[in-house]
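# For reference, the sequence and a predicted model appear below.
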Amino acid sequence: MKNTYNGWTNFETWKINLELGLSDGCFKGYTGEMLQEIAEELILLEGEVKEGGIAEGIILNFLSEVNWDEIAEVANEK
């Protein structure tokens, strides 16, 4: 059974797209990998997350569940 959330692959994909607005048209032409790099930099730098700390591990685990290609696909449709 496939879990989906608000029309997206999962909660993580929906939440990252909602919070960062990656599919709003500003990132047309970007790949999923490029969007992942942007998101990781924004999130890890914004909160001044300690490298190697527990918070960084939790954040990176959450981000690993995001379907970056889905977000890129939607961004490239706009």
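Good, I have the coordinates. Residues are numbered from 1 along each chain as shown.

# Could you give me the buried positions within stretch 63-78?
For stretch 63-78, burial by neighbour count (16 or more other CB atoms under 10 Å) applies to 63, 66, 67, 68, 70, 71, 72, 74, 75. Where C-beta positions appear, they are placed from N, C-alpha and C, glycine not excepted.

# and that stretch, how far from the chain's centre?
Its chain's average C-alpha position is 7 Å from that of stretch 63-78, according to CA atoms, centre = their mean, to the nearest Å.

# what about the helices in this protein?
Using DSSP state H, the helices found in the chain span residues 11-20, 32-46, 54-64, 68-77.

# looking at those helices, which has the lowest confidence?
Least confidently modelled of the helices of the chain is helix 32-46, at a mean of 88 by mean pLDDT.

# Dump the helices of the chain into JSON lines; add distance to residue 26 as well.
Output for the helices of the chain, formatted as JSON lines (distance: least, CB to CB, whole Å):
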{"stretch": "helix 11-20", "distance to residue 26": "10"}
{"stretch": "helix 32-46", "distance to residue 26": "10"}
{"stretch": "helix 54-64", "distance to residue 26": "19"}
{"stretch": "helix 68-77", "distance to residue 26": "8"}
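
# Can you tell me which residue sits nearest the middle of the protein?
residue 16 (4.4 Å; CA atoms, centre = their mean).

# any idea how far that residue is from residue 5?
11 Å (CB to CB, to the nearest Å).

# re the thing from before, export the buried residues of stretch 63-78 as a markdown table, with columns for distance to residue 25.
A markdown table is the format used below for these (distance: CB to CB, whole Å):
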| residue | distance to residue 25 |
| --- | --- |
| 63 | 22 |
| 66 | 19 |
| 67 | 19 |
| 68 | 17 |
| 70 | 16 |
| 71 | 12 |
| 72 | 12 |
| 74 | 10 |
| 75 | 7 |
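
# From those residues, pick the one nearest residue 22.
Checking these against residue 22 with CB to CB, the nearest one is residue 71 at 5.0 Å.

# Contacts only, for that closest one.
Contact analysis of residue 71 by CB atoms under 8 Å, 6 or more residues apart in numbering lists 13, 16, 17, 22, 23, 32, 35.
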